[in-house]
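>>> Sequence plus the predicted model coming up.
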Amino acid sequence: MAQRTFSPLAIVLGCVFFFSAHVFAVSAVLGIDLGTEYIKAALVKPGIPLDIVLTKDSRRKEISAVTFKPLQGGPKSGAYPERLYGSDAIALSARFPHDVYPNLKTLLGLSVDDPIVQEYAARHPALQLEKNKKRGTAAFKSKVFTEEEEAWLVEELLAMELQSIQKNAEVAAGSGTSIRSIVLTVPPYFTVEEKRAIQTAADLAGLKVLSLISDGLAVGLNYATSRQFPNINEGGKAEHHLVFDMGAGSTKATVMKFQGRTVKDIGKFNKTVQEVSVIGSGWDRTLGGDALNYLIVDDMVTQFVESKAAKKISADADKVKAHGRAIAKLTKEAERLRHVLSANQQAGASFEGLYEDVDFKYKLTRADFEKMAESHAARVDAVILGALKTAQLELADLTSVILHGGASRTPFVQKQLEQVVGSADKLRSNVNSDEAAVFGAAFRAAELSPSFRVKEIRISEGGNYPSGMKWTNNKNKLQHQRLWSAISPQGGVPKEVTFTNHEDFDVTFYQQIGSAEQDTKVLTTKNLTASVAELKEKYSCVDSDIHFKVGVKLSGENGEVDVTKATVECEAEAPEKEGFVDGVKNLFGFGKKDQKPLDGDEDGESSTTSSESSATTTTSTKTDTTPASSSPSPSDPTSDDSEPAKKKVLVIINVDFILEKAGRPDLSRDDLIHSKDRLKAFEASDKARRLREEALNQLEGFTYKVRSLLESETFIAASTAEERATLEKKNNEASDWLYEEGADASRDDLKKRYKELHDPVVKIQKRSEEADKRPELVKALKDALNSTQSFVSTIKKQIDEYDEWHASASAGSSSSTSTETPSATPSGDFDDLEDDDSSKERTMDDVVKEKGPVPPLYKREDVDVVDDLYESTTKWLKEMEKKQDALTTTDDPVLLVKDLQAKRTARQGRHGPRL
């Protein structure tokens, strides 16, 4: 059997596949729970258990905030300030309220005129919120930049936070790991425009969004990872659970159906998969922890302006609320008080110089707080009941209510939930109320990544808003058609929509947000008019038979409309095409079912016809549709002119189209590049600042080290008094310089100062290190030389003995020439089997005399090389030892450790084999 060979191209492609597969196998993905107040991330990487990504200060969640720390000396053109994230950013909110940007998620995709944006601006009065001229969304003008610097988009600021999370994840994953793929959680109330905004932020951060997943579904997915649900194929009944998620910014309720199902597996096998489906959602966009905090803030302001000290300065509530630093202090304390009241009956706070240098003390009881929040508590009912209404379920149909979100632990919220559900038994805390969503997102990321294999859990959720399309028909009348309900699953089977339009036109897809239609995409046909004309001209189609059909579905990634096909078609008459089976029948003479025998010669004669006449017969048979009485013979020339049979066939022509985003415009390509360049410049500035700080810390630390060395006995023994005096002077100068000019010095200046101190210190330390290591290495080299000398002598002796034997053996062989004489007696075939009584037992000496001694392993040339190396090394060592002995401990050594090591290594190099 011939050996199979592979082409070079196949080998190269195989190598590429192997290494690329290896790269994918070690890739990491990230699940991110982007909350209003906190951001949490979970890492999935081979070899590392699924776990939370810790912040720089080892916390399991990062406050969603970014701060620009003002530059010393004020704004400078082309200069970027220091950025701080999380708790570090919030810690500066009282000092720099005009450049601390918290809770940005609430602003994504919304117009500046939206009430939510206006409320945000009122709660953060120090921030300079502007309207982006191109998109109408929120942007922030920062005072730490020059006036020429453009305002920062919400997406750009959020991208900075995502980049910070990405860096923390790459640190957790280990060096050399690059993380680019993520799954993000979003609230169920996010519209298409809000989802686009969060995807834009991820794109600016250099991240690829594998999918968006709603908060509730992420919690449900995490709940399902460790459980098995009843199999509906085996008579089991699906479980219905409601996830109640009350966070900082909003409150959501998600009703989900959990069940098992038996599906087809590979081959003849079946398998059981788990299914999690969202069947209803409800929400309140402004009910959350922040809204409760603002109740406390408003009460604080009210009590403050009513205090005697505030009345003396005529403090006004509006003026206090417009004071950035005062509101920042109050907001920070309000959240702390709310958390304290969750476990205590009373809490208090005190402020020094809250407003116009007036101090303020505040106390609040849980009873007073719950009284302030009565109207907020009532809003909890509407969220749950709205989700159940969408799911068409009753409270009794729920198996449990799963609690998630920090604000869900508030005592009055728990009481309200018990009243709504009717029993505390259904309220479950069987998931991590802070981290279930991020773990669900990470599981989804691992499921979508080709690098991981996880438990098969099939999920589905709708767009949470009804969707439809509108267009102007061929009668110039505007038409609407509802395509999907709020719970229609994303990523499902495409729907086919038929239009009567025969000329190029536009179709607008929209989401129904309340009573308003929010346009999402526009489909524009390019060659519909020409395609219809082609159907009419080539296939004689009439208008009533021509239909334009479009295939549409909701994307499983983000819920946007995807167009899968666009065709124009009609049924037309066309010649009947002979099938493959009919052709084979004709070839072997069987003909068609309705074909009658042909008149012709006898069988014997027909069997002798030429191949040419056989071909003619086949052709005429394929086109024969005439009655038997007029059936032409194979030789009839009129057979080629017969009319073929016609039947109705569906003629389909693909229609070219353009699908464009509608609604609020995305960042243009140029704007996207510009924003990425700004973020890269900021990143380069951060890196330069970090390197400068490292150089500053290195120099400062080295000055302390020099002071310690100057008092070290070992260092003193290896240095002269003059060297130490010079070093001490330079060290004092560097210390003084650090606290004066060095505070604003460049990295190059810092490194130059460090080098001036470092070089003489290293020189002195090297003397000490050389003195410590030299004796041992000299002894080792001498021992090796002695071993080499003994070995060389032995090998030389072996070579001499072998050469002597070889010379004598060669002389004896040349002098003895013997001729073999034939035997007079014929020899038999078995003569050699007889015993030779005259033979004697051979000894080792006889063998040595006959065969000679064992040949040496080395040639004389090899030994000569080693011998020369031995002589030169011995001579070198003697000379260097003599020079070194003449030096003192404060002199730079001449017999160096590296030279001793190199000489010893040379013995085992290619010029000194096995020595």
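Nice, thanks for sending it over.
>>> contacts and neighbour counts: CA atoms only from here.
Will do.
>>> these two touch, right, Thr272 and Val263?
Yes - judged on Cα atoms under 8 Å, Thr272 makes contact with Val263 at a distance of 6.2 Å.
>>> ok, the two, which is more surrounded?
Per other Cα atoms under 10 Å, whichever of Thr272 and Val263 has more neighbours is Thr272, with 16 against 11.
>>> partners of whatever helix or strand the more buried one lives in, with directions?
Using DSSP states H and E, the element containing Thr272 is strand 270-284. Strand 270-284 has its sheet partners listed here by DSSP bridges as strand 251-264 (antiparallel), strand 457-460 (parallel).
>>> Could you dump those strands into JSON lines with distance to Asp744 and mean pLDDT added?
Output for the strands paired with strand 270-284, formatted as JSON lines (distance: least, Cα to Cα, whole Å; pLDDT from 0 to 100):
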{"stretch": "strand 251-264", "distance to Asp744": "49", "mean pLDDT": "96"}
{"stretch": "strand 457-460", "distance to Asp744": "56", "mean pLDDT": "96"}
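>>> picking that back up, buried residues in the strand holding Thr272?
Within strand 270-284, the residues scored as buried using 16 or more other Cα atoms under 10 Å are 272-284.
>>> again, but for stretch 196-209
Per 16+ other Cα under 10 Å, stretch 196-209 contains these buried residues: 196-209.
>>> Now go through those and say which are in helices.
Counted as lying in helices by DSSP state H, out of the buried residues of stretch 196-209, are 196-204.
>>> got the residues you listed as JSON lines, with distance to Asp803 columns?
Converted to JSON lines, those look like this (distance: Cα to Cα, whole Å):
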{"residue": "Arg196", "distance to Asp803": "90"}
{"residue": "Ala197", "distance to Asp803": "90"}
{"residue": "Ile198", "distance to Asp803": "88"}
{"residue": "Gln199", "distance to Asp803": "85"}
{"residue": "Thr200", "distance to Asp803": "86"}
{"residue": "Ala201", "distance to Asp803": "85"}
{"residue": "Ala202", "distance to Asp803": "82"}
{"residue": "Asp203", "distance to Asp803": "81"}
{"residue": "Leu204", "distance to Asp803": "81"}
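>>> Which of those residues sits closest to Glu130?
Comparing those against Glu130 with Cα to Cα picks out Ala197 as the nearest, at 17.2 Å.
>>> show me the contacts for that closest one.
With contact set as Cα atoms under 8 Å, 6 or more residues apart in numbering, Ala197 has these partners: 108-109, 155.
>>> Of these, which is the most crowded?
Going by other Cα under 10 Å, Glu155 tops the contacts of Ala197 with 27 neighbours.
>>> returning to that earlier point: the strands paired with strand 270-284 into TSV, with extra columns for distance to Ser408?
Formatted as TSV, the strands paired with strand 270-284 follow (distance: least, Cα to Cα, whole Å):
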stretch	distance to Ser408
strand 251-264	9
strand 457-460	25
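>>> follow-up on the earlier one: for Pro489, state which of the contacts of Ala197 is nearest.
Once Cα to Cα is applied, the member of these that ends up nearest Pro489 is Gly109, at 23.3 Å.
>>> any idea whether the closest one is helix, strand or coil?
For Gly109, the secondary-structure state derived from DSSP: H, G, I helix; E, B strand; the rest coil is coil.
>>> go on, Leu877?
helix.
>>> what's the pLDDT at it?
The per-residue pLDDT reported for Leu877 equals 88.
>>> Grab the longest helix from this structure for me.
Assignment by DSSP H gives helix 747-815 as the longest helix of the chain.
>>> From the contact counts, what lies against it?
Here helix 747-815 touches helix 669-709, helix 713-717, helix 721-738, helix 860-885, helix 897-906, going by 3 or more Cα pairs under 8 Å, 6 or more residues apart in numbering; DSSP states H and E.
>>> which intervals of the protein have sub-threshold pLDDT?
For the chain, the stretches flagged by pLDDT under 70 are 1-26, 574-646, 812-852, 907-915.
>>> Work out the gap between stretch 711-726 and the centre of the chain.
55 Å (Cα atoms, centre = their mean, to the nearest Å).
>>> Could you export that stretch as PDB, CA atoms only?
Output in PDB follows, covering the C-alpha atoms of stretch 711-726 (Å, rounded to 0.1, in the frame of the first residue of the first chain):
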ATOM      1  CA  GLU A 711      26.700  52.500  58.000                       C
ATOM      2  CA  SER A 712      27.200  48.900  56.900                       C
ATOM      3  CA  GLU A 713      30.500  47.300  57.900                       C
ATOM      4  CA  THR A 714      30.600  45.300  54.700                       C
ATOM      5  CA  PHE A 715      30.000  48.400  52.500                       C
ATOM      6  CA  ILE A 716      32.600  50.400  54.500                       C
ATOM      7  CA  ALA A 717      35.200  47.600  54.100                       C
ATOM      8  CA  ALA A 718      34.800  47.600  50.300                       C
ATOM      9  CA  SER A 719      34.900  51.400  49.800                       C
ATOM     10  CA  THR A 720      37.300  54.200  50.500                       C
ATOM     11  CA  ALA A 721      36.600  57.200  52.800                       C
ATOM     12  CA  GLU A 722      36.600  59.500  49.700                       C
ATOM     13  CA  GLU A 723      34.100  57.300  47.900                       C
ATOM     14  CA  ARG A 724      31.800  57.300  50.900                       C
ATOM     15  CA  ALA A 725      32.100  61.000  51.400                       C
ATOM     16  CA  THR A 726      31.200  61.700  47.700                       C
END
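>>> No further questions, thank you.
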